[in-house]
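[1] for reference, the sequence and a predicted model appear below.
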Number of protein chains: 2
Amino acid sequence: MESANSNLVLYHAWLSSASRRVRFTLEEKTLSYQSIIVDLLKFEQHSPEYLLLNSNGVVPTLIHRGYSIIESTVICEYLDATFPELPLRPVEQRALARMRVWSKWVDEVVLRAFQVANWNRMMGPTAAPWSDEEVAQRLKLIPMPDRREDWRRVAREPFTESEIDHAISNISRTLDRMEADLANGPWLAGDAFSLADIHLSPYIVRIGEHAERGILLANYPLCEAWWNRLKARPAFVRSKIEPVKFSASS
Amino acid sequence: MESANSNLVLYHAWLSSASRRVRFTLEEKTLSYQSIIVDLLKFEQHSPEYLLLNSNGVVPTLIHRGYSIIESTVICEYLDATFPELPLRPVEQRALARMRVWSKWVDEVVLRAFQVANWNRMMGPTAAPWSDEEVAQRLKLIPMPDRREDWRRVAREPFTESEIDHAISNISRTLDRMEADLANGPWLAGDAFSLADIHLSPYIVRIGEHAERGILLANYPLCEAWWNRLKARPAFVRSKIEPVKFSASS
């Protein structure tokens, strides 16, 4: 166990939802860290130097005592175990399991749903104008097959309406599940604020972008009350999880 | 902390890879349990009774002290924390993070890759003959949108060659990563056998099914040695992780 002054370095991007989850965790635990910004639109995450730290070529990466830790869910549990003050995980094993089921749901369903629902308009303006040669060159640098295919899609074969409908149904199901679990709240894992709440936050902050498809937080009263409590936490403000701004012309 | 004689009930299926991961964990920890088989081909996992235990409608589910725990990765960590004898997780936090990065990779990449590579021939013979009415009726009972779409695909729009190629590239990348990590082995998380090794095992047992696409364990000497060590563990044999048998006519 260590003091809060240990050397922590975070490679991250302001608009990356996985980066936001780690920043929120660091702020809740009042851990200071050196911030190194990775410019995603310059594809610095695929540079040979960065791949030495994170062979998946994604943000964030945490460096602690010269050792690199990857995957936001894993980083957050690592931080909570290494710096046990201001805990963000329930001690009781059933509540801990409930927290981890949420973390997994975010990583496996929510992250993908928001990507499919948003990437055409967020990344399309960057990727669609690439020449075939530029597409090939960009894709060659992406180490993860899934992520490579995503960039190919957004550059040449945008997500279809049917895929976006499917993503929206996953967002609806997420809000249904949250509403059900929050009946045994006030937080997603039960009595105490935890990493489960943190992992959902960068997605709920953008929920308003899907109002035209019928996704309205106001239809989920427990979710809305939860969101208002969460937003009022000082660490939320300090971790800079503001809505993404984009326009078709930018 | 409890004795190993606590009441544990496992709802599982012999051929489900997630069920195998939990059985292997129970056998490694020498925990006895009541076994309840869920017949996946009769879709018992979508029955109203089962959905009360596991709202995702998938196996396995662990019942402990009357409380249901879902998601194999979460169940295995729960068992290891609740029954601390014969630990299957590293104590050191960096090694634990390494173990969890593997668990996530299995859940997010490996599981999907083997599903896309195998479902046409495994599930196709069951689902393709359904009438449109039967398809609609089956799909309505499936609670998870992603799983519902998978069954629609296998019944009406089988995975394409290009999707299967992509799955195979994810299997290759998995073996490349394993080979790299096992250089700092002998186990995937380092010195000690852990849940990382358990989570990979039900997929590696089936690796031979993809030999015609160039996937050969013999090309990965550290993986092959690891697999031989793993197969020799008495708990592996007891947990019944034998290869899946199927034929196009069955």
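    Nice, I can see it.
[2] make it CA atoms for all contacts and neighbour counts henceforth
    Noted.
[3] so how far is the helix or strand where A:Tyr50 lies from its chain's centroid?
    Secondary structure assignment for A:Tyr50, by DSSP states H and E: helix A:48-53. The chain centre lies 21 Å from the centre of helix A:48-53; the measure is CA atoms, centre = their mean, to the nearest Å.
[4] ditto for stretch A:167-181
    17 Å.
[5] buried sites along that stretch?
    For stretch A:167-181, burial by neighbour count (16 or more other CA atoms under 10 Å in any protein chain shown) applies to A:Ala167, A:Ile168, A:Ser169, A:Asn170, A:Ile171, A:Arg173, A:Thr174, A:Leu175, A:Met178, A:Glu179, A:Asp181.
[6] tell me which residues are up against the longest helix that chain A contains.
    Longest among the helix segments of chain A by residue count, using DSSP state H, is helix A:161-182. Under the contact criterion CA atoms under 8 Å, 6 or more residues apart in numbering or on different chains, helix A:161-182 has outside partners A:109-110, A:112-114, A:116-117, A:188-190, A:213, A:215, A:220-223, A:226, B:145-146.
[7] only the buried subset of those, as a PyMOL command please.
    Entered in PyMOL, the line below selects the buried ones among those, by 16+ other CA under 10 Å:
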select buried, (chain A and resi 109+110+113+114+116+117+188+189+190+215+220+222+223+226) or (chain B and resi 145)
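[8] circling back to that earlier point, report the next helix or strand after the longest helix of chain A in sequence order.
    Heading C-terminal from helix A:161-182 (DSSP H and E), you reach helix A:195-204.
[9] so what does the helix or strand just after that following helix touch, helix or strand wise?
    As assigned by DSSP H and E, the chain's next helix or strand after helix A:195-204 is helix A:221-231. Contact here means 3 or more CA pairs under 8 Å, 6 or more residues apart in numbering or on different chains; DSSP states H and E; on that basis helix A:221-231 packs against helix A:161-182.
[10] who in chain A is up against chain B?
    Selection of chain A residues close to chain B by CA under 8 Å from any CA of the partner chain yields A:69-71, A:74-75, A:78, A:81-82, A:93-94, A:97-98, A:100-101, A:108, A:145-146, A:166, A:169-170.
[11] which of those fall within helices?
    Members of the residues of chain A next to chain B lying in helices (criterion: DSSP H): A:74-75, A:78, A:81-82, A:93-94, A:97-98, A:100-101, A:145-146, A:166, A:169-170.
[12] just the buried ones from those?
    Buried among those (16+ other CA under 10 Å): A:74-75, A:78, A:82, A:94, A:97-98, A:100-101, A:145, A:166, A:169-170.
[13] go through these and name the one nearest B:Pro125.
    Of all those, B:Pro125 sits closest to A:His166, with 25.6 Å by CA to CA.
[14] before we move on, the earlier item: which two in the buried ones among the ones in helices among the residues of chain A next to chain B are spaced the farthest apart?
    So, those by CA to CA: farthest apart are A:Thr82 and A:His166, at 38.8 Å.
[15] and the pLDDT for the closest residue to A:Ala97 other than its chain neighbours?
    Leaving aside its sequence neighbours, A:Ala97 sits nearest to B:Val74 (CA to CA, 6 or more residues apart in numbering or on different chains; 5.9 Å). What the model reports for B:Val74 is a pLDDT of 98.
[16] cool, and A:Arg213?
    On the pLDDT scale, A:Arg213 gets 89.
[17] show me the contacts for the nearest residue in space to A:Ser194 that is not next to it in sequence.
    Among residues not flanking A:Ser194 along the chain, A:Leu88 sits closest, at 4.5 Å (CA to CA, 6+ apart). Taking CA under 8 Å, 6+ apart as the criterion, A:Leu88 is in contact with A:Asp80, A:Phe193, A:Ser194, A:Leu195.
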